[in-house]
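*Asks:* here is my input; please provide its structure:
(one chain, ligands or ions: 1)
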Amino acid sequence: MPRPSRRSRTLRRIYVKTPKQTKLVYAKRKHNKAHCAKCGKVLPGVATASPYKLSKLSKTEKRPERPYAGVLCSSCTRKTIKSKIE
Ligand SMILES: [Zn+2]
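*Replies:* Now for the predicted structure:
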């Protein structure tokens, strides 16, 4: 029986093949990438990390510097701003 902290599914389970046996390794899960709120495209230039690591980044490393950055992709931002002007 694994130890109590390893019984939860918080950590990912990876089977690593070694020459002698297959070992079970526990690893942290990957964080989801930020997506555009309108079209669902993956947002480039938006950092993906744990909340603690994100807090250590500078403001400009977290997302691009423009309106709707980190929320909408560039093409959706363009469309939104144009529709608001007209
Ligand atoms: Zn979009």
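
*Asks:* just the helices in the chain please.
*Replies:* 4-7, 51-56, 59-62, 74-85 (DSSP state H).

*Asks:* looking at those helices, which is nearest to the ion?
*Replies:* Checking these against the ion by C-beta to the ion gives helix 74-85 as the closest, at 3.2 Å. Quick note: C-beta positions are derived from backbone N, CA and C, even for glycine.

*Asks:* quick check: buried residues in that closest one?
*Replies:* Across helix 74-85, burial judged by 16 or more other C-beta atoms under 10 Å covers S74, C76, T77.

*Asks:* do the same with stretch 53-73
*Replies:* Within stretch 53-73, the residues scored as buried using 16+ other C-beta under 10 Å are K62, R63, Y68, A69, V71, L72, C73.

*Asks:* let me know the closest of these to the ion.
*Replies:* For the buried residues of stretch 53-73, the minimum distance to the ion (C-beta to the ion) is 3.5 Å, reached by C73.

*Asks:* what about the nearest residue to that closest one once chain neighbours are set aside, neighbour count?
*Replies:* Leaving aside its sequence neighbours, C73 sits nearest to C36 (C-beta to C-beta, 6 or more residues apart in numbering; 4.0 Å). Neighbours of C36 under the rule other C-beta atoms under 10 Å: 18.
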